[in-house]
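S.K.: coords please:
(2 chains)
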2 protein chains.
Amino acid sequence: MKPDLRKALKLYLVTDPVLHRGRGVEATCEEALKAGVRFVQLRDKNASTRSLYDSALALRNLCNKYSSYFVVNDRIDIAMAVKADGVHLGQSDMPADVARAIMGSEAIIGVSVRTVDEAEKAKADGADYIAANLVFSTETKKDIKEPLGLEMVSTLSRASSLPMIAIGGINPENTALVINAGCAGVAVVTAVMNSDSPALQVERFLRVLNC
Amino acid sequence: MKPDLRKALKLYLVTDPVLHRGRGVEATCEEALKAGVRFVQLRDKNASTRSLYDSALALRNLCNKYSSYFVVNDRIDIAMAVKADGVHLGQSDMPADVARAIMGSEAIIGVSVRTVDEAEKAKADGADYIAANLVFSTETKKDIKEPLGLEMVSTLSRASSLPMIAIGGINPENTALVINAGCAGVAVVTAVMNSDSPALQVERFLRVLNC
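M.R.: This is a model prediction of the structure:
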């Protein structure tokens, strides 16, 4: 049985099509799932629909095996095709209320936000959680220039009743800071996907997160 | 009221985000719709989901005004979000049977094919029409190198009971050739979108097509 959503959000793994030290996305995710990750987001902005569908099918099965939540970045069609738990939407993706109308009340919908207005709109549109994007600077998301910083993270978290995760430049060393700033959890890409040992990294995160 | 699908497929307009002589996609489509086009496919492989959603909403409304079919290339999520009539799927897009399962029996699903096997699979997967892609060489679709030629178009058309349209390098001068090769209609991008007068071009096509 899947853990409670808020508990699963504590350590949220976002995949990357390139950063996986040649292990492949699936094998890297499996190491992380074995070590305790219970929320996985498939993210690949450049894949063809068919290739994304194939990856999503594989990760959907893998996440089921570990009773983990599984969502797809941006693509509602892919999420529905593989019966994922939901989608994660950026501000350039589908509006969350439209996604909710298509996917129904059971789907888990997350929305990336950078302002209090966006956080409030996500809540009004029926999102289940929000992601403060991006907190610290990182190499993964080159499109967003300006890190939010901890003060803004704290402002966003106070402004919304939804659980909020922090994404961008998160590592085991700065995790306590973002949790103290009001986050329900941390989203990680590089720190786990591109690690020599995803399992060890997950254990490090989980220790800080007291899971 | 929309015309019969087979009749609407006679002249099938595919949009292009760049080739529209600065008129914009919407204005160019409206000229073509006014002149008699009754099938429009929104195609933009590089747009963000939000931008594609906005374009699709606008074209959906425009096509309704002219009782025209409207489908979205590749993206089932966008098609569902704007209540389009359906989707057009390439071989790197979602499998057609998966699209059918998500979209239901009423959706119009088209599939691009280049071989008899692909044509047969499209039919088995529940497609409503197929598109021979690409017939003559063109500047629009740079990813596909080898034109099928008229003989292969004829083979594909004989192999399938579905209505088949021809795409790629179609103009008013070679339209009769592909119709004689067994096509139910022609799909056009450049010849209409990038024309000085989309309306005049549509009229030229419709004269050859006897509509």
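S.K.: all contacts plus neighbour counts: C-alpha atoms, from now on.
M.R.: Fine.
S.K.: Extract the CA atoms of the biggest helix by length in chain A and return them as CSV.
M.R.: Among the segments of chain A that qualify as a helix by DSSP state H, the longest is helix A:49-65. C-alpha atoms of helix A:49-65 as CSV (Å, rounded to 0.1, in the frame of the first residue of the first chain):
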residue,chain,number,x,y,z
THR,A,49,5.7,10.9,-27.3
ARG,A,50,6.3,7.2,-28.1
SER,A,51,9.6,7.1,-26.3
LEU,A,52,8.1,8.9,-23.3
TYR,A,53,5.2,6.5,-23.3
ASP,A,54,7.7,3.5,-23.2
SER,A,55,9.7,5.1,-20.4
ALA,A,56,6.5,5.9,-18.4
LEU,A,57,5.2,2.3,-18.8
ALA,A,58,8.5,0.9,-17.4
LEU,A,59,8.6,3.4,-14.5
ARG,A,60,4.9,2.9,-13.7
ASN,A,61,5.5,-0.8,-13.2
LEU,A,62,8.6,-0.2,-11.2
CYS,A,63,6.9,2.3,-8.9
ASN,A,64,4.0,-0.2,-8.4
LYS,A,65,6.5,-2.8,-7.3
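S.K.: Please work out the average pLDDT along it.
M.R.: For helix A:49-65, mean pLDDT is 98.
S.K.: next one: the helix or strand just after it to chain centre, how far?
M.R.: Proceeding N to C from helix A:49-65, the next assigned helix or strand is strand A:69-73, under DSSP states H and E. Distance of strand A:69-73 from its chain centroid, counting by Cα atoms, centre = their mean, to the nearest Å, is 8 Å.
S.K.: Now do the helix or strand of chain A with the lowest mean pLDDT: which elements does it pack against?
M.R.: Within chain A, no helix or strand scores below helix A:190-193, which has a mean of 94 by mean pLDDT, DSSP states H and E. Applying 3 or more Cα pairs under 8 Å, 6 or more residues apart in numbering or on different chains; DSSP states H and E, one finds that helix A:190-193 contacts helix A:25-34, helix A:198-208.
S.K.: could you point out which element follows the host helix or strand of A:Ile78?
M.R.: Using DSSP H and E, the element containing A:Ile78 is helix A:76-81. Next helix or strand after helix A:76-81 toward the C-terminus (DSSP H and E): strand A:86-89.
S.K.: and for that following strand, what are the contacting residues?
M.R.: Residues outside strand A:86-89 that contact it (Cα atoms under 8 Å, 6 or more residues apart in numbering or on different chains) are A:41, A:70-76, A:79-80, A:95-96, A:103, A:107-112.
S.K.: strand partners of that strand, parallel vs antiparallel please.
M.R.: Strand A:86-89 has the following strand partners under DSSP bridges: strand A:69-73 (parallel), strand A:108-113 (parallel).
S.K.: how about the residues of chain A that lie near chain B?
M.R.: Neighbours of chain B within chain A, by Cα under 8 Å from any Cα of the partner chain: A:48-51, A:53, A:74-77, A:80-81, A:91-95, A:98-99, A:102.
S.K.: Quick one: distance of the least confident helix or strand of chain A to the chain centre.
M.R.: With Cα atoms, centre = their mean as the basis, helix A:190-193 stands 12 Å off its chain's centre.
S.K.: List the buried residues of it.
M.R.: Neighbour-count burial for helix A:190-193 flags A:190-193 (criterion: 16 or more other Cα atoms under 10 Å in any protein chain shown).
S.K.: go on, stretch A:189-207?
M.R.: So, applying 16+ other Cα under 10 Å, buried residues of stretch A:189-207: A:189-195, A:198-199, A:201-203, A:205-206.
S.K.: What of stretch A:99-106?
M.R.: Of the residues in stretch A:99-106, those buried (16+ other Cα under 10 Å) are A:99-100, A:102-103.
S.K.: ok, back up a step: most packed of the strands paired with strand A:86-89?
M.R.: strand A:69-73 (a mean of 26; mean count of other Cα atoms under 10 Å in any protein chain shown).
S.K.: who touches that strand?
M.R.: A:2, A:8, A:38-44, A:56, A:59-60, A:63, A:78-79, A:84-89, A:108.
S.K.: Filter these down to the buried ones.
M.R.: A:8, A:38-44, A:56, A:59-60, A:63, A:78-79, A:84-89, A:108.
S.K.: could you dump stretch A:151-160 to PDB, C-alpha only?
M.R.: The C-alpha coordinates for stretch A:151-160 follow below in PDB (Å, rounded to 0.1, in the frame of the first residue of the first chain):
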ATOM      1  CA  GLU A 151      13.300  33.600   2.400                       C
ATOM      2  CA  MET A 152      11.000  33.400  -0.600                       C
ATOM      3  CA  VAL A 153      10.500  29.600   0.100                       C
ATOM      4  CA  SER A 154       9.400  30.500   3.500                       C
ATOM      5  CA  THR A 155       7.000  33.200   2.200                       C
ATOM      6  CA  LEU A 156       5.500  30.700  -0.300                       C
ATOM      7  CA  SER A 157       5.100  28.000   2.300                       C
ATOM      8  CA  ARG A 158       3.300  30.400   4.700                       C
ATOM      9  CA  ALA A 159       1.100  31.600   1.800                       C
ATOM     10  CA  SER A 160      -0.300  28.100   0.900                       C
END
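S.K.: In chain A, where is pLDDT below threshold?
M.R.: Judged by pLDDT under 70, chain A has its weakly predicted residues at A:140-145.
S.K.: Just give me the neighbour total for A:Gly36.
M.R.: A count of neighbours around A:Gly36, defined by other Cα atoms under 10 Å in any protein chain shown, yields 18.
S.K.: swap that for A:Gly22, sorry
M.R.: 10.
S.K.: That one falls within a strand, correct?
M.R.: No: read with DSSP: H, G, I helix; E, B strand; the rest coil, A:Gly22 is coil and lies in no strand.
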